[in-house]
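Student: from the sequence below, what's the structure:
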Amino acid sequence: MGRRRGEALEAAILEAAWDELNERGYANLTVDSVARRAGTSKPVLYRRWADKRELVEAAVEHRGIIRPVTPADTGSLRGDLIATLTELSEERGPFLTQLSLLLAGYFAEAETSFAELRDTLLAGRRSGRDEIMERAVERGEIDPAKLTPRIASLPFDLLRSETMMTRRPVAPEVIEEIVDTVFLPLVR
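Tutor: Residues are numbered from 1 along each chain as shown. Got it, this is the predicted structure:
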(Lines give C-alpha, C1' and ligand atoms only; values in the text may rest on other atoms or scores of the structure.)
Protein backbone atom coordinates (compact mmCIF):
# COMPACT_ATOMS: atom_id res chain seq x y z
CA MET A 1 0.00 0.00 0.00
CA GLY A 2 1.40 3.41 -0.98
CA ARG A 3 1.66 6.43 1.21
CA ARG A 4 -1.70 8.09 1.85
CA ARG A 5 -2.11 11.79 1.20
CA GLY A 6 -4.78 14.41 1.09
CA GLU A 7 -8.35 13.27 1.51
CA ALA A 8 -7.45 9.59 1.94
CA LEU A 9 -5.09 10.39 4.81
CA GLU A 10 -7.54 12.79 6.40
CA ALA A 11 -10.35 10.21 6.21
CA ALA A 12 -8.09 7.57 7.82
CA ILE A 13 -7.21 9.96 10.64
CA LEU A 14 -10.83 10.93 11.25
CA GLU A 15 -11.91 7.27 11.29
CA ALA A 16 -9.11 6.51 13.75
CA ALA A 17 -10.21 9.43 15.94
CA TRP A 18 -13.79 8.18 15.82
CA ASP A 19 -12.73 4.66 16.79
CA GLU A 20 -10.59 5.97 19.65
CA LEU A 21 -13.49 8.14 20.87
CA ASN A 22 -15.84 5.15 20.84
CA GLU A 23 -13.40 2.90 22.66
CA ARG A 24 -11.88 5.35 25.14
CA GLY A 25 -14.16 8.37 25.39
CA TYR A 26 -12.88 11.90 24.97
CA ALA A 27 -11.06 12.07 28.29
CA ASN A 28 -8.81 9.08 27.44
CA LEU A 29 -8.33 9.81 23.74
CA THR A 30 -4.92 11.24 22.84
CA VAL A 31 -3.53 12.69 19.64
CA ASP A 32 -0.77 10.11 19.95
CA SER A 33 -3.24 7.20 20.10
CA VAL A 34 -5.10 8.54 17.05
CA ALA A 35 -1.86 8.94 15.10
CA ARG A 36 -0.80 5.37 15.97
CA ARG A 37 -4.15 3.96 14.99
CA ALA A 38 -4.16 5.91 11.70
CA GLY A 39 -0.59 4.79 10.93
CA THR A 40 0.80 8.33 10.82
CA SER A 41 2.56 10.79 13.10
CA LYS A 42 1.42 13.45 15.53
CA PRO A 43 2.87 16.31 13.43
CA VAL A 44 0.63 15.20 10.53
CA LEU A 45 -2.41 15.59 12.79
CA TYR A 46 -1.26 18.93 14.19
CA ARG A 47 -0.87 20.32 10.68
CA ARG A 48 -4.60 19.78 10.20
CA TRP A 49 -6.05 20.34 13.68
CA ALA A 50 -4.71 22.61 16.40
CA ASP A 51 -5.62 20.28 19.25
CA LYS A 52 -7.52 17.20 20.36
CA ARG A 53 -10.76 19.15 20.63
CA GLU A 54 -10.68 20.27 16.98
CA LEU A 55 -9.77 16.73 15.90
CA VAL A 56 -12.75 15.24 17.74
CA GLU A 57 -15.11 17.89 16.33
CA ALA A 58 -13.87 17.03 12.84
CA ALA A 59 -14.32 13.30 13.48
CA VAL A 60 -17.91 13.80 14.66
CA GLU A 61 -18.63 15.98 11.64
CA HIS A 62 -16.92 13.48 9.30
CA ARG A 63 -19.17 10.67 10.53
CA GLY A 64 -22.27 12.80 9.82
CA ILE A 65 -23.80 11.87 13.13
CA ILE A 66 -25.02 15.33 13.92
CA ARG A 67 -26.97 16.36 10.87
CA PRO A 68 -30.15 18.30 10.21
CA VAL A 69 -33.45 16.61 10.82
CA THR A 70 -35.16 15.54 7.60
CA PRO A 71 -38.73 16.51 8.36
CA ALA A 72 -41.64 14.34 7.35
CA ASP A 73 -44.28 15.99 5.16
CA THR A 74 -47.55 14.20 5.86
CA GLY A 75 -49.79 17.18 5.23
CA SER A 76 -50.51 17.94 8.89
CA LEU A 77 -48.54 19.33 11.81
CA ARG A 78 -49.49 16.38 14.02
CA GLY A 79 -48.52 13.84 11.37
CA ASP A 80 -45.25 15.64 10.56
CA LEU A 81 -44.23 15.78 14.22
CA ILE A 82 -45.14 12.19 15.04
CA ALA A 83 -43.37 10.84 11.96
CA THR A 84 -40.27 13.00 12.46
CA LEU A 85 -40.02 12.36 16.20
CA THR A 86 -40.46 8.62 15.63
CA GLU A 87 -37.70 8.55 13.04
CA LEU A 88 -35.38 10.57 15.28
CA SER A 89 -36.10 8.32 18.22
CA GLU A 90 -35.51 5.09 16.34
CA GLU A 91 -32.51 6.14 14.25
CA ARG A 92 -30.58 8.60 16.41
CA GLY A 93 -31.88 8.87 19.94
CA PRO A 94 -30.02 6.23 21.93
CA PHE A 95 -26.86 6.73 19.88
CA LEU A 96 -26.82 10.49 20.49
CA THR A 97 -27.23 9.81 24.19
CA GLN A 98 -24.19 7.51 24.05
CA LEU A 99 -22.27 10.15 22.08
CA SER A 100 -23.00 12.77 24.71
CA LEU A 101 -21.52 10.43 27.34
CA LEU A 102 -18.42 9.79 25.21
CA LEU A 103 -17.99 13.55 24.78
CA ALA A 104 -18.50 14.48 28.46
CA GLY A 105 -14.82 15.40 28.82
CA TYR A 106 -15.00 17.46 25.62
CA PHE A 107 -17.94 19.48 26.95
CA ALA A 108 -16.15 20.10 30.25
CA GLU A 109 -12.86 21.06 28.59
CA ALA A 110 -14.46 23.28 25.94
CA GLU A 111 -16.97 24.74 28.41
CA THR A 112 -19.66 24.05 25.86
CA SER A 113 -22.72 21.85 25.44
CA PHE A 114 -24.15 19.34 23.01
CA ALA A 115 -26.49 22.07 21.72
CA GLU A 116 -23.55 24.37 20.98
CA LEU A 117 -21.65 21.57 19.23
CA ARG A 118 -24.75 20.79 17.16
CA ASP A 119 -25.16 24.48 16.25
CA THR A 120 -21.49 24.68 15.20
CA LEU A 121 -21.69 21.57 13.03
CA LEU A 122 -25.03 22.59 11.47
CA ALA A 123 -24.18 26.26 10.93
CA GLY A 124 -25.82 27.67 7.83
CA ARG A 125 -28.16 24.72 7.33
CA ARG A 126 -31.90 24.99 7.55
CA SER A 127 -33.56 23.33 10.52
CA GLY A 128 -36.06 20.56 9.84
CA ARG A 129 -37.95 21.65 12.94
CA ASP A 130 -38.34 25.14 11.51
CA GLU A 131 -39.55 23.71 8.21
CA ILE A 132 -42.26 21.72 10.00
CA MET A 133 -43.38 24.81 11.92
CA GLU A 134 -43.36 27.06 8.83
CA ARG A 135 -45.52 24.62 6.87
CA ALA A 136 -47.97 24.40 9.78
CA VAL A 137 -48.20 28.21 9.99
CA GLU A 138 -48.86 28.37 6.23
CA ARG A 139 -51.62 25.75 6.58
CA GLY A 140 -53.16 27.71 9.46
CA GLU A 141 -52.54 24.95 12.02
CA ILE A 142 -50.43 27.12 14.33
CA ASP A 143 -51.04 30.58 15.73
CA PRO A 144 -47.67 32.23 14.91
CA ALA A 145 -48.04 34.55 17.91
CA LYS A 146 -47.89 31.50 20.19
CA LEU A 147 -44.89 29.88 18.48
CA THR A 148 -41.84 31.02 20.41
CA PRO A 149 -38.43 29.40 19.80
CA ARG A 150 -38.76 27.54 23.13
CA ILE A 151 -42.18 26.17 22.24
CA ALA A 152 -41.03 25.19 18.71
CA SER A 153 -38.18 23.15 20.21
CA LEU A 154 -40.31 21.62 22.98
CA PRO A 155 -41.34 18.34 21.25
CA PHE A 156 -37.73 17.69 20.25
CA ASP A 157 -36.42 18.60 23.70
CA LEU A 158 -38.93 16.29 25.39
CA LEU A 159 -38.01 13.46 23.01
CA ARG A 160 -34.31 13.99 23.76
CA SER A 161 -34.97 14.03 27.50
CA GLU A 162 -36.99 10.81 27.34
CA THR A 163 -34.27 9.15 25.27
CA MET A 164 -31.55 10.23 27.67
CA MET A 165 -33.48 8.86 30.63
CA THR A 166 -34.28 5.49 29.08
CA ARG A 167 -31.44 5.07 26.52
CA ARG A 168 -34.03 3.39 24.28
CA PRO A 169 -36.25 4.53 21.42
CA VAL A 170 -39.29 6.38 22.76
CA ALA A 171 -42.56 4.44 22.72
CA PRO A 172 -45.13 5.58 20.12
CA GLU A 173 -47.68 6.43 22.82
CA VAL A 174 -45.15 8.72 24.53
CA ILE A 175 -44.45 10.51 21.25
CA GLU A 176 -48.21 10.96 20.71
CA GLU A 177 -48.56 12.31 24.24
CA ILE A 178 -45.74 14.82 23.66
CA VAL A 179 -47.45 16.04 20.49
CA ASP A 180 -51.13 15.86 21.50
CA THR A 181 -51.09 16.66 25.19
CA VAL A 182 -48.12 19.01 25.52
CA PHE A 183 -47.27 20.69 22.21
CA LEU A 184 -50.45 21.15 20.18
CA PRO A 185 -52.45 22.86 22.97
CA LEU A 186 -49.65 25.44 23.29
CA VAL A 187 -49.72 26.51 19.65
CA ARG A 188 -53.42 26.49 18.83
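Student: I figured residue 186 was touching residue 148, is that so?
Tutor: No - using C-beta atoms under 8 Å, residue 186 is not in contact with residue 148, being 9.1 Å away. Just so you know, the C-beta spots here come from the backbone N, C-alpha and C atoms, and that holds for glycine as well.
Student: SS state for residue 125?
Tutor: coil (DSSP: H, G, I helix; E, B strand; the rest coil).
Student: now residue 173: how far from residue 120?
Tutor: Using C-beta to C-beta, to the nearest Å, residue 173 is found at 35 Å from residue 120.
Student: the two: which is more packed in?
Tutor: Neighbours per residue (other C-beta atoms under 10 Å) separate residue 173 from residue 120, with residue 120 holding more: 13 against 8.
Student: where's that one, which helix or strand?
Tutor: Residue 120 is part of helix 114-121 when elements are defined by DSSP states H and E.
Student: repeat that for residue 50.
Tutor: Per DSSP H and E: residue 50 is located in neither a helix nor a strand.
Student: quick test: name the residue nearest the centre of the protein.
Tutor: residue 66 (3.2 Å; C-alpha atoms, centre = their mean).
Student: can you give me the buried ones in the lowest-mean-pLDDT helix or strand in the chain?
Tutor: The weakest-scoring helix or strand in the chain, judged by mean pLDDT, DSSP states H and E, is helix 93-102 (a mean of 75). In terms of neighbour count (16 or more other C-beta atoms under 10 Å), helix 93-102 has its buried residues at 93-94, 96-97, 99-100, 102.
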